[in-house]
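K.L.:
Model the following, please.
(chains A and B)
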2 protein chains.
Amino acid sequence: MVEDNVVFVGSKEVMSYVLAVTTQFDKGSDEVVLKARGNAISRAVDTAEIVRNRFLQNVDILDITTKTEELEDEEGTSNVSAISITLGEK
Amino acid sequence: MVEDNVVFVGSKEVMSYVLAVTTQFDKGSDEVVLKARGNAISRAVDTAEIVRNRFLQNVDILDITTKTEELEDEEGTSNVSAISITLGEK
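P.N.:
I've put the predicted structure just below:
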């Protein structure tokens, strides 16, 4: 779920991603990036909002970007939206 | 669903919001803002990505902001994440 400073948000409960983010900052990271695709995008936004409002008052959202990714499966390719939310010190 | 230049994204299918956005630009709007809460956040991102990639090549995402809103119901208050995505000419 965590790779360098990136936390990949999937289908677990929000608080497990909040914990992953706060752990990264505790280890000394200056920035942590939340990445999610499809329906998990809402959960990534929840994670960022909970981190900055309830856990780390000195952390804010520095940047939000979105893109479209192509997924390949047995039926061909389909498009899915993705989000990157960069958290860091204010 | 549409108020001034704001398109509120809810639980309809994505293409109805894409149509609402392109209609606003066709009417001469310089910017259109997509707003969504909770699970609809993913759909708002899908809408923005489809508009800029497939329908309006001269339009891009200018800004994305998130916030936490308080909802009141009979059981008290609960928090929900919200997103605003501003679309406009590159």
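K.L.:
Give me the three-state assignment for residue A:20.
P.N.:
Three-state assignment for residue A:20 (DSSP: H, G, I helix; E, B strand; the rest coil): helix.
K.L.:
how close does it sit to chain B?
P.N.:
Separation of residue A:20 from chain B (CB to the nearest CB, to the nearest Å): 17 Å. C-beta coordinates here come from the backbone N, C-alpha and C atoms, glycine included.
K.L.:
where do the helices sit along chain A?
P.N.:
A:14-26, A:40-50 (DSSP state H).
K.L.:
show me the contacts for the nearest residue to residue A:43 once chain neighbours are set aside.
P.N.:
Once flanking residues are discounted, residue A:43 sits nearest to residue A:9: 5.3 Å by CB to CB, 6 or more residues apart in numbering or on different chains. Residues counted as contacts of residue A:9 (CB atoms under 8 Å, 6 or more residues apart in numbering or on different chains) are A:17, A:34, A:35, A:36, A:40, A:43, A:44, A:47.
K.L.:
again, but for residue A:90
P.N.:
A:58, A:59, A:60.
K.L.:
didn't the second one look like it was pressed against residue A:85?
P.N.:
No. Using CB atoms under 8 Å as the test, residue A:59 is too far from residue A:85 to be in contact (11.5 Å).
K.L.:
Looking only at neighbour counts, state which of the two leads.
P.N.:
Ranked by neighbour count (other CB atoms under 10 Å in any protein chain shown), residue A:59 and residue A:85 place residue A:85 first, with 27 against 20.
K.L.:
That one pairs with what?
P.N.:
Note on residue A:85: beta-bridge partners residue A:34, residue A:64, judged by DSSP bridges.
K.L.:
wouldn't it be in contact with residue A:48 here?
P.N.:
Yes. Between residue A:85 and residue A:48 there is a contact at 4.8 Å, judged by CB under 8 Å.
K.L.:
okay, and the common contacts of these two?
P.N.:
The contact sets of residue A:85 and residue A:48 overlap at A:34, A:61, B:66 (CB under 8 Å, 6+ apart).
K.L.:
Who wins on neighbours among those?
P.N.:
residue A:34 (27 neighbours).
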